[in-house]
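Student: What follows is a predicted structure for the sequence shown.
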Amino acid sequence: MKNLDPNPDSGPEYVLNLMKGRRMVRDFQERRLKDGVVERLIDAARYAPRAGNTEGIRYSLLKEGKVCDYWETTLSKDARRKFPWPGLLKAPTLIIVWVSPLQYLSRYGEEDKKSTGLGGKESSWSTPYWWVDGGMAAMTILLAAEAQNLGALFFGLFEHESAVKSKFSIPDEFRAIGTIAIGYAAKEQRKSKSTLRDRLPVESLLFGEY
């Protein structure tokens, strides 16, 4: 994490600097967050774009003992001994982002959206926007954390989704986007091999100018 602007709290470059300075943090300090800090991050995510303003995104906010429950559910003792990022387990707070495809079908079955033909079944959506919207909500949390000088890491649940849903009593209709660890970054961060990959320049990302 780094601020690239000498006056980072103002100016047209503020958001760009947040984007450029944001890094995934895999090693955290054993330090609790102040009350209300994480709730403000979720509040910021309420303003992320959503198809049809569908209210189909929910969050599990895990602190203290619930964080331990999460790791006990997703990372066995044997796996923990070989886990390459032990500092991740020090993060004091976890946010799980959930989406409900059913809520999107319901919203697009309403009068103002019926003509889209998207209110019947999930397969009608060539792009399932619950995944898109959930990803944008997660990115909003990452940027809001960066703005608060907090470290954050987004990671997937993969084969542990069902177990986590059961552990935290999540309704069946919801699917996991992923988990975000939030806390204060440790001073030393061991880089992952992915950081060795360069970012392509803008001109390499364009199919062309029309």
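Tutor: All right, it came through fine.
Student: what's the helix or strand for Trp98?
Tutor: Using DSSP states H and E, the secondary-structure element containing Trp98 is strand 93-99.
Student: And the contacts of that strand?
Tutor: For strand 93-99, contacts defined as CB atoms under 8 Å, 6 or more residues apart in numbering pick out 33, 38, 41-42, 56-63, 66-67, 70, 130-131, 133-134, 137-138, 141, 157, 164, 168, 170, 174-183. Yep, even glycine has a C-beta here, placed from its N, CA and C like the rest.
Student: okay, how far is it across stretch 165-173, tip to tip?
Tutor: Using CA to CA, to the nearest Å, the end-to-end distance of stretch 165-173 comes out at 10 Å.
Student: Adjacent strands (with direction) for the strand holding Trp98?
Tutor: Applying DSSP bridges to the sheet, strand 93-99 is found paired with strand 57-63 (antiparallel), strand 175-183 (antiparallel).
Student: just checking, what packs against the one helix or strand Leu153 maps to?
Tutor: Secondary structure assigned from DSSP H and E places Leu153 in strand 151-155. If you count contacts as 3 or more CB pairs under 8 Å, 6 or more residues apart in numbering; DSSP states H and E, strand 151-155 packs onto helix 129-147, strand 175-183.
Student: Now tabulate these in CSV and tack on mean neighbour count and distance to Gly21.
Tutor: As requested, these are arranged in CSV below (neighbours: other CB atoms under 10 Å; distance: least, CB to CB, whole Å):
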stretch, mean neighbour count, distance to Gly21
helix 129-147, 21, 6
strand 175-183, 23, 16
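Student: and of the ones you listed, who's closest to Gln29?
Tutor: Between Gln29 and these, the shortest separation by CB to CB is 6.6 Å, and it involves strand 175-183.
Student: so where do the helices sit in this protein?
Tutor: Using DSSP state H, the helices of the chain run over 14-21, 37-45, 65-74, 77-82, 101-107, 129-147, 161-167, 202-205.
Student: buried residues in the last one?
Tutor: With burial defined by 16 or more other CB atoms under 10 Å, not one residue of helix 202-205 is counted as buried.
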